[in-house]
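Q: Below are the sequence and a predicted model; questions follow.
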Amino acid sequence: MKATLKTADLLGVLNRVKPCLGKREPYAAYHLATADGVVLVIGNGGDSALMGKIKATITSKGETTLPPGAVEFLKAQASATVTVSTVHKTEEKKVMGQGHWENGHYVQGEEALQTVHTWKVNLEAGNSRISYPAADPKDIPELPMPLKTLPKLEQPLVLKDFGAALSEVSYAVAAKNDSRPILTCVAMAPDAKGVALIASDGFRLAKTSIKGSVPSTFAVDGDLLAILQKFGKTKFSCKKVQIAKERVQWVLVFESDGLTVMTCNAGDFPKWEKFIPEHTRRALRVDNLEFKDAIRTAISAVGSQGTIRLIGKGKTLRVIGLSDQTQAEVKIPSKGRIQQAYQANHLLAVLSRVGERVDILHDTEAKDGKPTPAIVRSNGSTHLMCAREVAEWTKADVKAEVQAPEVEDLEEVPA
């Protein structure tokens, strides 16, 4: 392989694909391969890979690996271009054969000549040159979607504002250390409006929809969300790939702004549909800005992961943060009746994604006085938070009386 390309372009793409590099060999090195007039720069982590393309002058085709340390060499160069080339050497070496035990004595193996292959990758920029050990091309790990398969993908689906839609739901993804790894992913599922994106950590759920279609429900690796959320107009393809004699797996391909993301379907996402009620009623309507300010005040007493009590009786909502030593309370105008408790940062995460007016919905079959999930819908998105069980509602441990809503207060909201 020999190719000449712009130093800045190579540095930029190396940094873009770095998040998918593995920590151990053979996935700890960049993978470079030539194609028609371009060099493909790949960070391959096994189940997921990032790939960028750089225009280049190709002298000879091939592929090689490049260690992460090459980035420091490139940063130090003033030359506008860099040439990447590989050198393959073979030599005969005497190798001691394997010994064996015979009649209680160890017999050494015999010397034999063995052909040893050595691969190097050279970088040349102006008067500077450096050489690194490289992997034998046949030992470079295969990508989730083999390079020879990519040109054969069917016409990709164009997903508009894909990254923005992911950002709408990604707050509900479970932490990386969660005992249920599938909940660290975002699901893509067929939906009446096109493609639904769903995230849930078991205590809250977020769903939004974009135009398009997918043949099945997929789980997108949570480690890729920071990258995919930056995508705008995105080309999406998927294909079943044979990864073993008796194993076929879906591989998803996303492409935007010159960067290609390849990832295996992460697994079977839980059946989320049953957690969103078909019929809801409005329990509370409140101004979003006032509500957020009140919650932040209540957090001063309980912390961001503490419990916020909401007690509403008609035209006033009491937002209460209650701990063993401290009680913070704010009263704000509202409409509706509610007596529920929710985690503070869960409330704020949802409120940051809705408009000026907030409607908290409850399942029409929910029983008064029982912890009931809060449902908030805004701009085609649905956000659901589980309620918390509390032992006391006020400092004096006097539970607020919340009467059943009058008939005119009930508002049926379609799912």
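A: Cool, got the structure.
Q: make it CA atoms for all contacts and neighbour counts henceforth
A: Fine.
Q: Toward the C-terminus, what is the element adjacent to the lengthiest helix in the chain?
A: Longest among the helix segments of the chain by residue count, using DSSP state H, is helix 288-302. Later in the chain than helix 288-302, the nearest helix or strand by DSSP states H and E is strand 307-322.
Q: same for the following helix or strand past that next one, what does it pack against?
A: Note on strand 307-322: by DSSP H and E, the next helix or strand toward the C-terminus is strand 327-343. If you count contacts as 3 or more Cα pairs under 8 Å, 6 or more residues apart in numbering; DSSP states H and E, strand 327-343 packs onto strand 279-287, helix 288-302, strand 307-322.
Q: winner for burial among the ones you listed?
A: With neighbours taken as mean count of other Cα atoms under 10 Å, the helices and strands packed on strand 327-343 reach their highest mean count in strand 307-322, at a mean of 23.
Q: Quick check: the closest residue to Ser300 other than its chain neighbours vs Glu124, distance?
A: Leaving aside its sequence neighbours, Ser300 sits nearest to Ala328 (Cα to Cα, 6 or more residues apart in numbering; 7.3 Å). Going from Ala328 to Glu124 by Cα to Cα, to the nearest Å gives 66 Å.
Q: and stretch 261-277, C-alpha only, in PDB?
A: The C-alpha coordinates for stretch 261-277 follow below in PDB (Å, rounded to 0.1, in the frame of the first residue of the first chain):
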ATOM      1  CA  VAL A 261     -21.000   4.200  11.900                       C
ATOM      2  CA  MET A 262     -21.300   0.400  11.700                       C
ATOM      3  CA  THR A 263     -22.700  -1.500  14.700                       C
ATOM      4  CA  CYS A 264     -24.200  -4.900  15.400                       C
ATOM      5  CA  ASN A 265     -27.700  -5.000  16.800                       C
ATOM      6  CA  ALA A 266     -27.100  -4.900  20.600                       C
ATOM      7  CA  GLY A 267     -29.900  -7.400  21.400                       C
ATOM      8  CA  ASP A 268     -33.600  -7.700  22.200                       C
ATOM      9  CA  PHE A 269     -35.000  -4.500  23.700                       C
ATOM     10  CA  PRO A 270     -37.700  -4.900  26.300                       C
ATOM     11  CA  LYS A 271     -41.400  -4.600  25.300                       C
ATOM     12  CA  TRP A 272     -41.800  -1.000  26.000                       C
ATOM     13  CA  GLU A 273     -45.300  -0.400  24.400                       C
ATOM     14  CA  LYS A 274     -47.200  -1.800  27.400                       C
ATOM     15  CA  PHE A 275     -45.800   0.900  29.700                       C
ATOM     16  CA  ILE A 276     -47.500   3.800  27.800                       C
ATOM     17  CA  PRO A 277     -51.200   4.000  28.600                       C
END
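Q: With that, I have no additional questions.
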